[in-house]
Each structure stands twice: as structure tokens, then as C-alpha cells.
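>>> predicted model, plus sequence, below.
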Amino acid sequence: MNSRLLRIFALLLMGLTNTAFAQLGPQWFGTWKNQDGNTHTTMTISASKIEFTVVRPDEQGKPETFNFAHLWTNRSDDAAGELTAVFGYAKKRFPLPEISRNYEEALRQYRRDPSDFHVSDPARSRQAIGAMSPGVYKVMWSYSDGDCGYDEYVIDGDKILDVNTCKYRFNVKLFNRVR
């Protein structure tokens, strides 16, 4: 095969790989930590898996640890609800002002009727959103069973903003890279 045909073949192969078999970019890889009040969460991301360790106080105030993982899927966020304990890239992108507007609207909803809705701490949430650089972000999502098991993540260097929304809550958390 001549070199021109090899280059065309390589370009075709790369095009198929980028569309049919998306992979998580290496900027996501590493260990990330968050402290939200008394709850500490560690998230370790690799190409094939996200492993979570959550430590929070039990009813007696003693630390209780939960571990769980999500596996990579090439399917988009349309698969959320069909698959369990998975993560992947979303079809959409998130403009940072949209995240802020959505949080403020959720906060207004919570203040109108806190009986069946929860929002994360306003000061901490606004600080987390404000820590991100202005821009439009590619979204990684994760899904696990349950009413509120859908999270969206955006990355900005050594920070990941985790946004968890459903009809019962709107939570925002900031994770920082530790390695």
C-alpha cells in the first residue's frame, strides 16, 4: 500500500474511533476529593471505571464508609435509566452560566416549598460554581439506580464540578485533584 492510501485509511479509522468508540479523555484521570460538611468523598477516575468512597457519620456520629463504582459506557446519557452504575460522555455541553441559573432556580423552588426538595448549601454551592473558569464544558455523566442517581460533571484543570439534579434535589459539589 502506498503512503497516501495508508494516511487515508488512518484518517478513516480515526474518524470511526472518535464517533463510534468514544473514550474518556486523560484530563479526567486521577483521584479527586470533596468535603461537604461532615461527608468526605473520594472519586478515582480511570478510562474504564470511577470508584467512589464516601465517609459520613452514622446515627451515633461514628464514621461510616460506603464504596461503589461505575463502569465506562460508550452510550450517551440517553442510556441513563437503562443501564446501572455506568458513566460516559453526554451529548450536550454545559455553559457555566446555565449551571448557575439552574442552581438559583432550584434554590427559589426550595425556599417556596422545602418539604419535598433539597438543595446543597447556597454559600458552598455558589463558591463551587464560582471556582470554575468561564466557558462551555464537555459533560461527563454517571448513573446509578435510584430516583436521584444521575450526576453531571464538568472539569476545569484540577477541579471537577459535580451537579446532581432530580425532582427531589439540586446538589453542587466541587472536587479537587489530589493526584
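Perfect, thanks for sending it.

>>> against Lys62, how distant is Leu71?
In this view, Leu71 and Lys62 are 31 Å apart by CB to CB, to the nearest Å. C-beta coordinates here come from the backbone N, C-alpha and C atoms, glycine included.

>>> could you do Cys166 as well?
Distance of Cys166 to Lys62, computed by CB to CB: 29 Å.

>>> ok, these two, which is more surrounded?
Cys166 (14 against 7; other CB atoms under 10 Å).

>>> Trp28 against Met140, yeah?
Yes. The criterion here is CB atoms under 8 Å, and Trp28 meets it with Met140 at 6.5 Å.

>>> find residues that contact each of these two.
Ile155 (CB atoms under 8 Å, 6 or more residues apart in numbering).

>>> looking at these two, which is more packed in?
Met140 (22 against 19).

>>> ok, the more buried one - contacts?
Contacts of Met140 (CB under 8 Å, 6+ apart): Leu24, Trp28, Phe87, Gly88, Tyr89, Ala90, Glu152, Tyr153, Val154, Ile155.

>>> out of those, list just those in strands.
Judged by DSSP state E, the contacts of Met140 include Phe87, Gly88, Tyr89, Ala90, Glu152, Tyr153, Val154, Ile155 as members of strands.

>>> what subset of those is buried?
The neighbour-count test (16 or more other CB atoms under 10 Å) applied to the ones in strands among the contacts of Met140 identifies Phe87, Gly88, Tyr89, Ala90, Glu152, Tyr153, Val154, Ile155 as buried.

>>> which one of those sits closest to Gly37?
Within these, proximity to Gly37 (CB to CB) peaks at Tyr153, which comes in at 20.2 Å.

>>> check the gap between the nearest residue to the closest one once chain neighbours are set aside and Glu105 for me.
Closest residue to Tyr153 apart from its sequence neighbours, by CB to CB, 6 or more residues apart in numbering: Met140 at 4.5 Å. Noted for Met140: a distance of 23 Å to Glu105, by CB to CB.
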